[in-house]
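Enquirer: Build the 3D model from these lines:
(chains A and B, ligands or ions: 3)
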Amino acid sequence: MSEWQPKILAILCNWCSYAGADLAGVSRMQYPPNVRVVRIPCSGRVDPLMILKGLQSGFDGVLVSGCHPGDCHYISGNFVARRRFAVLKPLLEFVGVEPDRVQFSWISAGEGERFAQVVTKVTEDIRKIGPAKRLVKGA
Amino acid sequence: MSRITLESKPSDGVRELLRHLLDKGKVSAVLAPRRLDDEGSLDLGFITDRSELDSIDPFAPVMIANTAQVLSMITPSSSKIAVVLKPCELRGFVERVKREQGTLDNILTISCTCGGVFPLQKAVDGITGGMTANYYSDLSSEKIHAEIRETCKACEHFIPINSDVTVSLVGEKDLDENCQIYLNSKSASELLEGLGGEIDKKEYDPAISAGLMKKRLAEKERLFNSVFPGKGGIDAVIEIFGKCVGCHGCSRVCPICYCVSCDFESMNFDSDIAYYEKELSQKGALRLPPDTMLFHIGRMIHMSFSCVGCGLCSDVCPADIPVASVFKRTGDKTASIFDYIPGRDLEEAIPVMVFKEEEFSRFVDE
Ligand code: SF4
Ligand code: SF4
Ligand code: FES
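Expert: Residues are numbered from 1 along each chain as shown, chains lettered A, B, ... in the order given. Ligands and ions are numbered 1, 2, ... in the order given. You can find the predicted model right below:
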């Protein structure tokens, strides 16, 4: 049987991080094939519920990425997102989801290499933690 | 500000105060708990007829409905209304006002240092009547009454924050013939001019109820350490909420959950048979209704930092899940990140609606 591969949901802001991922692609940089990308208009659009829903539907980890502070296309979406993450993180601990399963980072459109590095790191972190436990009794 | 001392039971004192307000035309209506019989049936009465005031039981130790929710229905009001409510209901309403679900304009808030309330079931069974004798003697001696709700036993906000009027009950030795009414705002002083009684320039002194505070804080710690069974984590969460029948009653009664169309009841959570078939092909078995666990964790994310620990969610849960204890504990955690106390101050912004440019860098890989 083949080795278990973590499945990771990457929620990327359209203006920076998604473009960063694109740059990594066109520059033919190597990074693990474990991420499934969802493009969103801005990290401020992310309801932490999406992250949980991701974990609930079988992803082993979630990466959310938006523009660096000061670069958000909508001025402050990423600051608002950061506040929501601040609420989410301790709650994840409460419900027993390992903190490293959910990660946030700022990646700009020019940072193709950083995108590849972040994805590599997140994939390795989650590989170490192992498959996600379901949020359901007996399932 | 000032204090009025009346030579009467506090409940008689408050009825007198309400009568004064109605008779003198200082308020047009009163919203307060009302007794319907001698056993313990109550409702929340909205009253303009002074003869109805006799049935008002201002400190009835039950939460019949959340006054914070009701206030959203009747504000903004074009004329002044006096409202008798528990400290947590007042904080709940402040949280609602922050969410533009009502206003404190034209509202005179009357609250008391609170000894907690009995589980709603006891009122439904009509048995609170027999318990209240004990209840008032426990107030005097600053004891935690054995039968009140878990979250009330662990509530450290029993002194009203920013009420116009505070009636002192906890730690008052003579609740048979002595009613201490603290006037905390200019509007309270104006409206209650001419009420009579003895007036002096005293403010409420928390030392009066410091004994109960100590016990409540100890109880809070005990509750927080015991609310998650075993080692906590995902198994504990599943054990607690595994019994949930998905009725969403807990969010319906919550003063903070004001959304008319709750996300969890929206199309976002509607799945068709094709979805279930796909899930089943992967997992072989599913639990229905789906997403009960996600509902609770999602609610924690959306509102826990504003939970005022009013306890109504536990009161209504048909599966006897200690919802309020869990939310009080998780809320304590999420609110403390922002140094936030729900309902403390109308000017204090809801934590997720504001930000600083430099903060929380520890949560983000920069
Ligand atoms: S009231 Fe109880 S059964 Fe109903 S949704 Fe809430 S926790 Fe579940
Ligand atoms: S979550 Fe429960 S205890 Fe907290 S405010 Fe809502 S109804 Fe009250
Ligand atoms: S547009 Fe990228 S985070 Fe707002």
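Enquirer: CA only for contacts and neighbour counts going forward, please
Expert: OK.
Enquirer: so where's chain A shaky on pLDDT?
Expert: For chain A, applying pLDDT under 70 flags the ranges A:1, A:134-139.
Enquirer: List, one by one, the residues from it near ligand 3.
Expert: Within chain A, the positions adjacent to ligand 3 are A:13, A:15-16, A:42-44, A:66-67, A:72-74, A:77-78 by CA under 6 Å from any ligand atom.
Enquirer: Where do the strands of chain A begin and end?
Expert: A:8-13, A:35-40, A:61-66, A:102-106 (DSSP state E).
Enquirer: actually chain B, sorry about that
Expert: B:2-6, B:29-35, B:42-47, B:81-84, B:107-112, B:165-168, B:179-183, B:198-200.
Enquirer: Looking at the ones you listed, which is nearest to ligand 3?
Expert: strand B:107-112 (40.6 Å; CA to the nearest ligand atom).
Enquirer: Dihedrals phi and psi, the residue in the stretch 1-150 of chain B that chain A sits nearest to?
Expert: Residue nearest to chain A within the stretch 1-150 of chain B: B:Arg99 (16.9 Å; CA to the nearest CA). Backbone torsions of B:Arg99, given as degrees, to the nearest 10, read phi -100, psi 20.
Enquirer: Give me the distance between it and A:Asp125.
Expert: Distance, B:Arg99 to A:Asp125, using CA to CA, to the nearest Å: 39 Å.
Enquirer: cool, B:Phe360 as well?
Expert: Relative to A:Asp125, and taking CA to CA, B:Phe360 is found at 21 Å.
Enquirer: picking up where we left off before, for the strands of chain A, which one ends up most surrounded?
Expert: Of the strands of chain A, the one with the most neighbours on average (mean count of other CA atoms under 10 Å in any protein chain shown) is strand A:61-66, at a mean of 28.
Enquirer: Without its sequence neighbours, what residue ends up closest to residue 93?
Expert: I went with chain A, as the question did not name one. Using CA to CA, 6 or more residues apart in numbering or on different chains and skipping the chain neighbours, the partner closest in space to A:Glu93 is A:Pro99 (6.3 Å).
Enquirer: you looked at the wrong chain, it should be chain B
Expert: B:Ala68 (4.4 Å).
Enquirer: can you check B:Phe295 too?
Expert: Using CA to CA, 6+ apart, the nearest residue to B:Phe295 is B:Phe264, at 6.6 Å.
Enquirer: now B:Val323
Expert: B:Ser314 is the one closest to B:Val323 (CA to CA, 6+ apart), at 5.0 Å.
Enquirer: do the same with B:Ala154
Expert: B:Lys220 (4.1 Å).
Enquirer: count of neighbours near residue 77?
Expert: Since no chain was named, I'll use chain A. For A:Gly77, the neighbour count with other CA atoms under 10 Å in any protein chain shown is 21.
Enquirer: wrong one, chain B
Expert: 16.
Enquirer: In contact with the nearest residue to it once chain neighbours are set aside, which residues?
Expert: Excluding its sequence neighbours, the residue lying closest to B:Ser77 (CA to CA, 6+ apart) is B:Asn106, at 6.6 Å. Counting by CA atoms under 8 Å, 6 or more residues apart in numbering or on different chains, B:Asn106 touches B:Pro76, B:Ser77, B:Ser78, B:Ser79, B:Lys80, B:Ile81.
Enquirer: neighbour-wise, which of those residues leads?
Expert: That'd be B:Ile81 among the contacts of B:Asn106, by other CA under 10 Å, with 26 neighbours.
Enquirer: Surely that one touches B:Leu22?
Expert: No: with contacts counted by CA atoms under 8 Å, B:Ile81 stays clear of B:Leu22, the gap being 9.5 Å.
Enquirer: Mutual contacts of these two, please.
Expert: Counting by CA under 8 Å, 6+ apart, the contacts common to B:Ile81 and B:Leu22 are B:Ser28, B:Ala29, B:Val30.
Enquirer: Contacts only, for residue 104.
Expert: Just going to use chain A. A:Leu63, A:Val64, A:Ser65, B:Phe363, B:Val364, B:Asp365.
Enquirer: try chain B instead
Expert: B:Thr75, B:Pro76, B:Val94, B:Val97.
Enquirer: Out of these, the closest to ligand 2 would be?
Expert: B:Val94 (11.7 Å).
Enquirer: out of everything not next to it in sequence, what's closest to B:Lys243?
Expert: B:Ala319 (6.3 Å).
Enquirer: what separates that neighbour from ligand 3, distance-wise?
Expert: 42 Å (CA to the nearest ligand atom, to the nearest Å).
Enquirer: For the residue in chain B that ligand 3 sits nearest to, give me phi and psi.
Expert: Nearest residue of chain B to ligand 3 (CA to the nearest ligand atom) works out as B:Val364 at 12.7 Å. Torsion angles at B:Val364 (phi, psi; degrees, to the nearest 10) stand at phi -130, psi 140.
Enquirer: Give me the neighbour count for it.
Expert: Other residues close to B:Val364 by other CA under 10 Å number 15.
Enquirer: which parts of chain B sit against chain A?
Expert: Applying CA under 8 Å from any CA of the partner chain, we find that chain B lies next to chain A at B:232-238, B:242, B:283, B:285-287, B:293-294, B:297-298, B:300-301, B:330, B:333-334, B:337, B:351-357, B:360, B:363-366.
Enquirer: quick revisit: the residue nearest to B:Lys243 and ligand 1, how far apart?
Expert: Taken as CA to the nearest ligand atom, the span from B:Ala319 to ligand 1 is 5 Å.
Enquirer: And B:Ile301, by the same measure?
Expert: Here B:Ile301 is placed at a distance of 15 Å from ligand 1 (CA to the nearest ligand atom).
Enquirer: Run a quick neighbour tally on that residue.
Expert: Using other CA under 10 Å, B:Ile301 is surrounded by 23 other residues.
Enquirer: so what's it up against?
Expert: A:Pro48, A:Leu49, A:Val87, A:Leu88, A:Leu91.
Enquirer: Got a ChimeraX select line for the buried ones in those residues?
Expert: Of the contacts of B:Ile301, the buried ones go into a single ChimeraX selection, burial set by 16 or more other CA atoms under 10 Å in any protein chain shown:
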select /A:48,49,87,88,91
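Enquirer: Looking at the contacts of B:Ile301, which is nearest ligand 3?
Expert: A:Pro48 (14.6 Å).
Enquirer: So the closest one is in contact with A:Leu91, correct?
Expert: No: at 10.7 Å, A:Pro48 does not count as touching A:Leu91 under the criterion of CA under 8 Å.
Enquirer: Run through the helices of chain A in chain order.
Expert: For chain A, the helices defined by DSSP state H cover A:17-26, A:48-56, A:77-94, A:112-129.
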